Each structure stands twice: as structure tokens, then as C-alpha cells.
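Here is my input, please return the structure:
(chains A and B)
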Amino acid sequence: MKEMVRYGFILALICTIASGLLAGMNLLTKARINAQAQDEEEASLKEVLPQGERFEAVRAEEEVLYYKVYDKSGKFVAVAFKASGKGYSSVIESMVGMNKDGVINAIKILSQNETPGLGAKVVEPGFVLGFSNKNLSQLDNIQAITGATISSGAVIDSVKKRAEEIKGII
Amino acid sequence: MKKFFNEFLRGIAKENPTFVLVLGLCPTLAVSVSVINGIGMGIAATFVLLGSNIIVAVIKNSIPQRIRIPCYIVVIATFVTVTEMLMKAYSPALDRSLGIYVPLIVVNCMVLGRAEAYASKNTVMNSFFDGLGMGVGFTLALILISGIREALGAGTILGHRLFASFEPAFILGMPSGALLVIGLLLGFFNVLKGRKA
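Reported below is the predicted structural model:
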């Protein structure tokens, strides 16, 4: 019995020290992790809508639904939003820039972990550029990557689905 | 000094965690699709190994024999979480491509194996060099495996195209390719070892 109390005490002590350390580490890195995410988001927004001057997040309960994009003269010209779909071995997340009239300007793959040489080709211009200047009904005609139908389909379907949803609310 | 150097070298060749001890193969198989993943995983695991080896060697005398494993796991998990936070803060792209395999370093038997088999019985300095050697050995093994898989499976090295016209063997990028490459390399090193003996 006495032993058990001692063991418990030692384990509790180690765990307390460990959680203290982690709390400190979290304080140190939290701001930077958030800033990194913000930077990346802004960079990808610029990439899919280069004409955009100001990006204004439209939120629903803290979560960003989409961005309203204004050009130099302050006119509302386009929207940008994230779409994600289950690919072959990962969730593929993309940033989509869509003009106000529902024509896709450009998309950028934010994260994926598909098979290298096959599904991972979704990030390459050969596939991504296929989305430019397409309206929603034309999205189905985008050429899938040879040998990576599932990954290509995941991107196309997720972009189409989100685009339709967003188009309905703007 | 020479003694420490030998501790260090042991992990790279004579007791290489991947090819000789055959420990920690799960992350090796999973992340070795590209060289950059291999290097990232190697560095992360080396950092965890170093940290856990040092701490375990420091506290080894105050930990009762019967609860040593949970204590080691807490130490290892702490270092893994620290690594994950640092990676998220300073290299988010790498963090995303390694995904779940960073937190899974906690259960990498190479790390626990060194804590249990080495650091809990040796001095802090020795454990430091053991951890460093094992980590570097693990990293080199990962670079070798992922180099072969990326070059032949995707036709690139670190994302740069290698050959102008070459149809990559996609199977090497798949899980089955990982098993093939590691199996053949293991066999190759065993033959080498047999020759020497």
C-alpha cells in the first residue's frame, strides 16, 4: 500500500513537471503558430485572386465561411473560400478564388498527402490551371490526372460543391 | 573523448536502428515517400531521442523499477509535443506533410528502446551521444530509403526533376514499394555484414 502511494506520487510529480513545461512551450509558440496560419492564408488568397486589394472575412460563429474580395477602387468583385474533399489517402484542401458572376479565377491546393507521382500531381499547374475561367457547370469537364482519378475527382467535386453553396449565399 | 565518439558511431553503423536493430519501422515505411519528409522525420526523431535519453539518464536513480515505463513515456511524450509545437510554428509545411507521424514518435519503439536499454543504465554523457548517434543513424537510413523511393517512384529528388524522359515506377511511392525497398536494403546490408564476418 505504502509503495503504491509512493509510485502514484512520483508519477504525479513527473506529469506535473511535464505539463508545466508544455504549458510554457505553448505560450511561447502559440502566437507564432497563429501568425503562420494567417500569413499562409493571406498568401494563398493573393495567389488565387491577384486583382484583390482587400480581403474581408465573412464569419459564422468564429469560423471563416468565405472572404469578400474588393479591388483597388473598393468594389466588391469576387469571393474566395476553402474547399476540402477526401482524396485517395488524405483530405485535399484547396483555396478557391471565384468571381462574383460564378466563374472560377484560380485555385490553389493548400494541403494534400496523396501518392507521390500520381495523386500528388493535383498541385501541379497542369491540373490546377484547368480550373481557371470555368463556370460551375464546366467544372465537370476538367481533365482528371491519368492514374489519379480519385484525387482529381476529390478536388473537382469539393470545389464544385463549395462553390455552389457560396454562390447561393452571396 | 574517443569513447563518446564510439558511442556516437555505434548508432550509425554497427547498431543502426533501421537496418540492424530493425526498430521504428512504422514511421520509416510511412514517411519515406520523399526525401524532405525523411529529413524532417529524422530531425524530429533525433531531437526527441536526445531529449528523452538525457532526461531518462538524469532521473534514472529516482524512478522505481516498477513504474519506469510510464515515466519514460511521459518524458518522451513531452518532447514529442514540444517538437510538434516547434514544427507547427517554424515549418508548417513540413508539419502538414508529416501529419500524424510526428505525434506518433511517442510510440516509436526506437525511442522507448533506447531509454529502456541504454539511457536507464548509462551516464548522461554516454546517453547523449547514444541518442545523437541513433538519431543520425535513423535519419541517414530514412534519407537512403526515401531517396531511392523518390528518385525511382516519382523521378525527383527534393522536388527537382531528375531525368528528362523517364517513366517513374509508381509502385515505389506506394506502401508496397516501401516494404520492397526496405526489404531489399536490409538484405543487402545483411550480405555485407556476412562478408565481413
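
List, one by one, the residues from chain B near chain A.
Residues of chain B lying close to chain A (Cβ under 8 Å from any Cβ of the partner chain) are B:33-34, B:59, B:62-64, B:66-67, B:70-71, B:74-75, B:77-78, B:81-82, B:85-86, B:88-90, B:92, B:96-97, B:99, B:150, B:153-155, B:168, B:170, B:173-174. Any C-beta I mention is one placed from the backbone N, CA and C, and that applies to glycine too.

What's the end-to-end length of stretch A:65-75?
End-to-end distance for stretch A:65-75, by Cα to Cα, to the nearest Å: 20 Å.

which bits of chain A sit near chain B?
A:3, A:6-7, A:10-11, A:14-15, A:18, A:21-22, A:25-26, A:29, A:32-33, A:36-37, A:40, A:90, A:111, A:113, A:115-118, A:120, A:147.

what ranges do the helices span in chain B?
Using DSSP state H, the helices of chain B run over residues B:2-12, B:25-31, B:35-59, B:68-90, B:92-98, B:109-114, B:124-153, B:175-196.

and these, which one's lowest on average pLDDT?
If you rank the helices of chain B by mean pLDDT, helix B:92-98 sits at the bottom with a mean of 81.

biggest helix in chain A, by residue count?
Looking across chain A with DSSP H, the single longest helix is helix A:2-48.

Mind checking the pLDDT average for the helix or strand residue A:126 falls within?
Using DSSP states H and E, residue A:126 maps to helix A:125-128. For helix A:125-128, mean pLDDT is 89.

which strands and helices sit next to the helix or strand following it?
Following helix A:125-128 in sequence order, the next helix or strand is strand A:134-135 (DSSP H and E). Judged by 3 or more Cβ pairs under 8 Å, 6 or more residues apart in numbering or on different chains; DSSP states H and E, the packing partners of strand A:134-135 are strand A:103-111.

can you list the residues that contact the strand it packs on?
Residues from elsewhere that reach strand A:103-111 (Cβ atoms under 8 Å, 6 or more residues apart in numbering or on different chains): A:40, A:44, A:47-49, A:78, A:82, A:90-99, A:122-123, A:128-129, A:131-136, A:139, A:155, A:159, A:163, B:96.

what's the angle from the helix or strand containing residue A:93 to strand A:103-111?
Here residue A:93, judged by DSSP H and E, is contained in strand A:91-99. For strand A:91-99 against strand A:103-111, the angle by axes from the mean of the first three to the mean of the last three Cα atoms, to 10 degrees is 150 degrees.

Go through strand A:91-99 and flag the buried ones.
Neighbour-count burial for strand A:91-99 flags A:92-99 (criterion: 16 or more other Cβ atoms under 10 Å in any protein chain shown).

helices or strands next to it in the packing?
Checking 3+ Cβ pairs under 8 Å, 6+ apart, strand A:91-99 ends up next to helix A:2-48, strand A:76-86, strand A:103-111, helix A:149-169.

looking at chain B, which residue lies furthest from center?
Distance from the C-alpha centroid of chain B, by Cα atoms, centre = their mean, peaks at residue B:165 (33.3 Å).

State the pLDDT value of that residue.
With respect to pLDDT, residue B:165 has a value of 73.

Next, the contact list for residue B:12, please.
Counting by Cβ under 8 Å, 6+ apart, residue B:12 touches B:133, B:136-137, B:140.

Of the residues you listed, which is the nearest to chain A?
Among those, residue B:140 lies closest to chain A (Cβ to the nearest Cβ), at 20.9 Å.

ok now do the closest one, which residues does it touch?
Going by Cβ under 8 Å, 6+ apart, residue B:140 touches B:12, B:16, B:42.

Quickly note the distance from residue B:159 to chain A.
10 Å (Cβ to the nearest Cβ, to the nearest Å).

how near is that residue to residue B:22?
Counting by Cβ to Cβ, to the nearest Å, the separation of residue B:159 from residue B:22 is 30 Å.

Compare the two (neighbour count), which wins?
Applying other Cβ atoms under 10 Å in any protein chain shown to residue B:159 and residue B:22 shows that residue B:22 carries more neighbours, namely 14 against 10.

neighbours around the residue nearest to that one when sequence neighbours are not counted, how many?
Closest residue in space to residue B:22, ignoring its immediate chain neighbours: residue B:186 at 7.2 Å, by Cβ to Cβ, 6 or more residues apart in numbering or on different chains. Residues lying near residue B:186 (other Cβ under 10 Å) number 15.

from what I can see residue B:186 touches residue B:16, true?
No. When contacts are counted by Cβ atoms under 8 Å, residue B:186 is not listed as touching residue B:16 (10.4 Å).

returning to what we had before: out of the helices and strands packed on strand A:91-99, flag the one nearest residue B:123.
helix A:2-48 (20.8 Å; Cβ to Cβ).

roughly how far is the closest one from the heart of the chain?
23 Å (Cα atoms, centre = their mean, to the nearest Å).

Mind listing the strands the following helix or strand past it pairs with, and their directions?
Remark: after helix A:2-48, the chain's next helix or strand is strand A:54-60, criterion DSSP H and E. Strand pairing for strand A:54-60, determined by DSSP bridges: strand A:63-70 (antiparallel).

How is residue A:101 assigned, secondary-structure-wise?
Following DSSP: H, G, I helix; E, B strand; the rest coil, we place residue A:101 in the coil state.

ok, residue A:11 - contacts?
Residue A:11 is in contact with B:67, B:70-71, B:74, counting by Cβ under 8 Å, 6+ apart.

Likewise for residue B:175?
B:29-30.

ok, back up a step: the longest helix of chain A versus strand A:63-70: what angle between them?
Helix A:2-48 and strand A:63-70 are oriented at 20 degrees to each other (the same axes, to 10 degrees).
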